[in-house]
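Student: Take this sequence and fold it.
(chains A and B)
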Amino acid sequence: MSALESLHTLPERAPGRSPERESERRRRLVALPRPTVRRAPSVVHGVVALAGLGAIILGQLGLSMALGEGAYEIAGLEASSAQLSREQQTLQEQLDTLESPQQVATAAESLGMVQGQASQFLQLSSGAVLGGPDALHMQQPSIATNGNLLVGNELLQSSTPAPQAPVVQEPVEPEPYPGMLLPAEGVAPGVGG
Amino acid sequence: MPTNERSRRMTRVRSILTGIVVVALVGACVVRLVDIQLVRAEALNAEASGRVGATAPIHGTRGDIVDANGTVLAGTVDRWDLTISPQFVHDLTERDGLEAGEVVTGGEIFERLAAITGEDPLVYQAAVDAALLANPESDYLVLDTGLDGTQYQQMRDLQQELPIGFVTLRSNPQRVYPAGAVAGNLVGFMGTDGPLAGLEMTQDQSCLAPEPGEQTFERGADGTPIPGSTVVTEQSADGGTLQLTIDADVQFQAQQLAEQYRQQYQAQSANVIVARTDGSLVAVAQTPTVDPNDPAATAASDYGSFAFTQGLEPGSIFKTMAMAAMLDLGLVDPGTERTVPWRYDPDGPVRVSDAHSHPDMQWTATGILVNSSNVGMVDLAQGMSRDDYFDYLAGFGFGAETVGFPGESTFPLASDPSGLDAQTQLNVLFGQGIQVTPMQMVGAYQTIANGGVHSDLQLVDSCTLADGTVVSPEQGDDTRVIGEDTADTLLGMMEHVVTDYGAVQFPIPGYRVAAKTGTAEVVLDPSVGYDPVQRIVTTAGVFPADDPQFVVYVQLDLPQTERTSAAAIPLFHDMVSLLIREYDIPPSTSQAPDLPLEWND
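Tutor: Now for the predicted structure:
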């Protein structure tokens, strides 16, 4: 503190000196930087800092919530995409089966169609109409007398050949049958149960 | 001022100490970091993944098999296995998150599961009980397989509704064959562990099989994967699409026709083969044919493709080959005149006779082919070296593989034809004493249809890999076997077989068809020799004869109600007629060459 005081009091001690001397003297004297006085931090700064911190935390929270929300949305959309592609595949399977030659042939025959007249050809050079090949010697339906397809297709024979959209099955109360697992006495299978 | 000095020194000491401590701490952290991240990284990773992580394969999709027009003959569909952890099966109560007082019993759960799969719930319960009896800590049991997309969704809905964590669905893609038995003999089928027959087997590694990938994920305490933790470490690659030269529509019609005629003549089996002139196969039909969706319904002996595996002594359809050789060698022309008795019985051990007795006939070479005279063929071939003849046979593709089908027979030709016994040297002129496959016959007739140039038969058109690369199988070079003129002349002679053989069911008015029939003797019991009654009847031909597009081969094995080629002729006619309809082939605009069958002094 004494050095500080002396510096401050110097000009007062020699008031009567000429300006030249004074300036000379001043040149020799080097002013120490004024030390900053530590003052108690103001409340405002604290509030600002805390608010900033809070804002950052909230912001990050919000951001991660948004990201999380996005992740859920993506997961949800992926799930529904997977479900839709499963549905598409199921329908494609049915379509492929319905497109099978056996199905087309039996469907045509069920409509009363038979292997008919072949194409006629118009000969441009002579203007003549030429018939196609003669009739087939074999005129038999695609289904043998025993009800089986002549060219088998398990996919058609095991399922209904008619177009069938996936139906939502109502849970039906099962008909009671001997040994049925009744809800009242139904017990989870234990060891040896 | 000593107090200042001291405080400054204290500060310096403090900061040095702090620095040392900080450096020490950071150093320790760095050492630890290096230790964990670099030195022990592998061991720690392994330990960690062992504790929470798991690896699972990613299954690629097996490639489709499609016909020439893209119709799917074999495809892969998603299916799921219903699996259960028997030890965790229990009644669901409040503890499982149900409302207070609500109870869903194990029995009810089985009923709900069975309602979706269509199985008997008691079967499920019995399976779980048996698993628990065998091992009280049983953790894995496949209840059902082959759940389709609809059933999978219903299961998922059920899992949403009830907390049944012990029921899981495992993806298990399966092979389906939408066209059923159409080309089932070619496509083959898959067993549980891999391909078992047909192209599924031969083209498995080269085209169809997918490359599996790998993924890792972290598991929760109960073993379920933690969502979002999945990391794909290796991408899977799907299998390629195999395109055949087969036309599924023609294949179906050929199979149906084969079965209709098999039933009509009560034959044991039948083959119908259609090839394009360039050697690509349109239909390789047989009956019985396996339905790859249900191989068990067909006898295992019928699984393969007869056209490639069956050996037969072809009989008279082989006369075309001998005639081609003789024409090409310049020994014979269509008008070569011979007086043909019905029996050739010179001094010595050999004897040849025609199928039916007839007076001595003044037949031309064309007449000999049309009337299918064995004696006439022997007479015509007197000047032909058997070595030359067998060179022609090799050129036609006999004794060699055609497309490399599983189980394909080749029946190598005799290495020293001149050394064959005298009887066999005569028999090989009309298709006896030599074994061939139906497909080799098709290859030979393809040569005649293609102006005398033999092309390799082709069943696989290409394989389109997952990355879009198209790989076509290597085909051998085309080779000229007989001259173009020879082929034309021979087709003209074969046209007369169709028009003048005397079978009204043979010709198709307006269309020029060239063909030859055969009634082959068979050896059913080696100790007996040729069966006295049973025959394999065939017809092989080319049409339109003026501009060949197709080769058609039909064969009925052991027909009972008609044991001559008269049984094969209507089948051949109908197959040709169906091809004309399918591909809208216009009638021929030219006439068959007028070749006399008989001659007069």
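Student: in terms of contact, does B:I580 touch A:P133 like I think?
Tutor: Yes. Between B:I580 and A:P133 there is a contact under Cβ atoms under 8 Å: 4.5 Å. (Each C-beta comes from the backbone N, C-alpha and C, glycine too.)
Student: Tell me where chain A has helices.
Tutor: Assigned by DSSP state H, chain A shows helices spanning A:2-13, A:19-28, A:43-98, A:101-110, A:154-158.
Student: Please enumerate the shared neighbours of B:I580 and A:P133.
Tutor: Shared contacts of B:I580 and A:P133, defined by Cβ atoms under 8 Å, 6 or more residues apart in numbering or on different chains, comprise A:A118, B:I508, B:Y511.
Student: Columns distance to B:P341 on top of those residues, output as a markdown table?
Tutor: Below are those laid out as a markdown table (distance: Cβ to Cβ, whole Å):
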| residue | distance to B:P341 |
| --- | --- |
| A:A118 | 44 |
| B:I508 | 34 |
| B:Y511 | 35 |
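Student: Save these as TSV, and put in distance to B:L556 and pLDDT too.
Tutor: Converted to TSV, those look like this (distance: Cβ to Cβ, whole Å; pLDDT from 0 to 100):
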residue	distance to B:L556	pLDDT
A:A118	25	76
B:I508	20	92
B:Y511	23	93
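Student: So for whichever residue of chain A sits closest to chain B, what pLDDT did the model give?
Tutor: For chain A, the residue closest to chain B is A:N153, as judged by Cβ to the nearest Cβ, at 2.5 Å. According to the prediction, A:N153 has pLDDT 87.
Student: Quick check: closest non-adjacent residue to it.
Tutor: Excluding the flanking residues, the one nearest A:N153 by Cβ to Cβ, 6 or more residues apart in numbering or on different chains is B:G180, at 2.5 Å.
Student: Kindly report the same for B:H358.
Tutor: B:H358's closest residue in space is B:W342 (Cβ to Cβ, 6+ apart), at 4.7 Å.
Student: pLDDT below threshold where in chain A?
Tutor: For chain A, the stretches flagged by pLDDT under 70 are A:1-27, A:116-117, A:158-193.
Student: run the last query once more with 80
Tutor: Across chain A, the ranges flagged by pLDDT under 80 are A:1-41, A:114-118, A:139-140, A:145-147, A:157-193.
Student: go on, chain B?
Tutor: Checking chain B against pLDDT under 80 turns up B:1-4, B:46-57, B:59, B:192, B:217-230, B:347-348, B:601.
Student: can you tell me if stretch B:166-178 touches chain A.
Tutor: Yes. On the criterion Cβ under 8 Å from any Cβ of the partner chain, stretch B:166-178 is in touch with chain A at B:V176, B:Y177, B:P178.
Student: Now the terminal residues of that stretch, how far apart.
Tutor: 34 Å (Cα to Cα, to the nearest Å).
Student: Check stretch B:36-43 too.
Tutor: One end of stretch B:36-43 sits 9 Å from the other (Cα to Cα).
Student: Now that stretch: buried residues?
Tutor: Residues of stretch B:36-43 include none that count as buried (16 or more other Cβ atoms under 10 Å in any protein chain shown).
Student: likewise stretch B:418-430?
Tutor: Neighbour-count burial for stretch B:418-430 flags B:L420, B:Q425, B:L426, B:N427, B:V428, B:L429, B:F430 (criterion: 16+ other Cβ under 10 Å).
Student: Since that was my last question, I'll sign off now.
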